[in-house]
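# Sequence first, then the predicted structure:
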Amino acid sequence: MARVGAAVVFVAVLAAILGPWLAPFEPSTQELALRLEGPNGAHWFGLDELGRDVFARVLLGARISLLVSFVVVGVSATIGIAMGSVAGYFGGRIDEAISRLIDILLAFPGLLLAIALVAVLGPSLTNVVLALSLIGWVGYARLVRGQVLRARELEFVQAARALGATTSRILRRHIIPTTLPAVTVQATLGMGGAILAEAALSFLGLGVQPPTPSWGTMLNYGRGHLLDAPHLTIFPGLAIAILVLGFNFLGDGLRDALDPATRSRT
């Protein structure tokens, strides 16, 4: 299943990169006379309510979804690693303050908090990334804090401290690298969550604004044509489901590969 997930992600990345060359039509080209036409030999995924090619828009929507997921996960993981490392290594009041901040953010449903932030900041792709990053670092911080609490008591860390290594060097060279396998798994699984969150915000009109295609926006437009043109929701919905499953399969495979207990059993 990990190979299947990796293949799905690889195909999605290629589709996002090569989308403008793979699509037989421009995403914004309109054929109003053929609006809501179903899939055929010329338009593989059919046409939407404005006569635009759904296949071309799904390809461009993949670029938006992957861009948001990579940026959100990258920013969230960076902040989470920094906050979790500081909390776990220094402990005391610093750990208490960061832990309480994490608890406060975890008390709110993540998607609802993201909706509130985007509603305040205004709907745009940049604000979606900002909102998802501001709530996404919490899980990484908790994970890294637990890893650092264990790693700071290891013999090689104590030896580096006894030799006079600075705190920044100990964290950078000895402790943080031990957390990267767990963070990698968390980040891979977080990609799927970021894609779903972006689609949900775009579905509500708080994400990517028209005419730029987004899978969530396409689902929102297609819900009014579920009976007469179901292809408007089927194809972007399948794209979301397949890509999220691909990241989940890949994350599960990485977790099995990087888990020492799993390796020892095999």
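Structure received. Residues are numbered from 1 along each chain as shown.
# quick check: longest helix of this structure.
helix 54-90 (DSSP state H).
# Would you mark the buried spots in it?
By neighbour count on 16 or more other CB atoms under 10 Å, the buried set for helix 54-90 is 54-66, 68-69, 71-73, 75-77, 79-89. Quick note: C-beta positions are derived from backbone N, CA and C, even for glycine.
# check contacts around residue 69.
190-192, 194-195, 198 (CB atoms under 8 Å, 6 or more residues apart in numbering).
# so what's it closest to, chain neighbours aside?
Sequence neighbours aside, residue 194 is the residue nearest to residue 69 in space, at 4.0 Å (criterion: CB to CB, 6 or more residues apart in numbering).
# which residues in the stretch 1-150 of the chain form helices?
2-22, 54-90, 92-106, 110-121, 125-151 (DSSP state H, counting those that start in this stretch).
# could you dump the ones you listed to CSV with distance to residue 42 and mean pLDDT?
Formatted as CSV, those follow (distance: least, CB to CB, whole Å; pLDDT from 0 to 100):
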stretch, distance to residue 42, mean pLDDT
helix 2-22, 15, 88
helix 54-90, 10, 92
helix 92-106, 49, 90
helix 110-121, 37, 87
helix 125-151, 31, 90
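# Between those helices, which one is closest to residue 177.
helix 125-151 (9.2 Å; CB to CB).
# packing partners for that closest one?
Judged by 3 or more CB pairs under 8 Å, 6 or more residues apart in numbering; DSSP states H and E, helix 125-151 is in contact with helix 54-90, helix 92-106, helix 110-121, helix 176-203.
# can you list these in TSV and add distance to residue 28?
Shown next, in TSV, are those (distance: least, CB to CB, whole Å):
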stretch	distance to residue 28
helix 54-90	9
helix 92-106	39
helix 110-121	25
helix 176-203	17
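# and of the ones you listed, who's closest to residue 162?
helix 54-90 (15.9 Å).
# Next, the angle from the closest one to helix 125-151.
Relative orientation of helix 54-90 and helix 125-151, computed by axes from the mean of the first three to the mean of the last three CA atoms, to 10 degrees: 40 degrees.
# How far away from the center of its chain is helix 54-90?
5 Å (CA atoms, centre = their mean, to the nearest Å).
# so who does the residue nearest to residue 243 when sequence neighbours are not counted touch?
Excluding its sequence neighbours, the residue lying closest to residue 243 (CB to CB, 6+ apart) is residue 12, at 5.2 Å. Each residue near residue 12 by CB under 8 Å, 6+ apart is listed here: 62, 66, 243, 246.
# any low-confidence regions in the stretch 151-266 of the chain?
Scanning the stretch 151-266 of the chain with the threshold set as pLDDT under 70 gives 259-266.
# the helices in it, which residues?
155-162, 167-169, 176-203, 215-222, 231-258, 260-265.
# With residue 45 as the reference, name the closest of those.
The nearest among the helices of the stretch 151-266 of the chain, by CB to CB, is helix 231-258 at 4.6 Å.
# Enumerate every residue touching residue 225.
By CB under 8 Å, 6+ apart, the neighbours of residue 225 are 36, 49, 232-233.
# before we move on, what about residue 154?
Applying CB under 8 Å, 6+ apart, no residues qualify as near residue 154.
# thinking again about what came up before, could you measure from the residue nearest to residue 243 over to residue 207?
Look at residue 12 and residue 207: by CB to CB, to the nearest Å, they are 19 Å apart.
# If anything else comes up later, I'll come back, but that's it for now.
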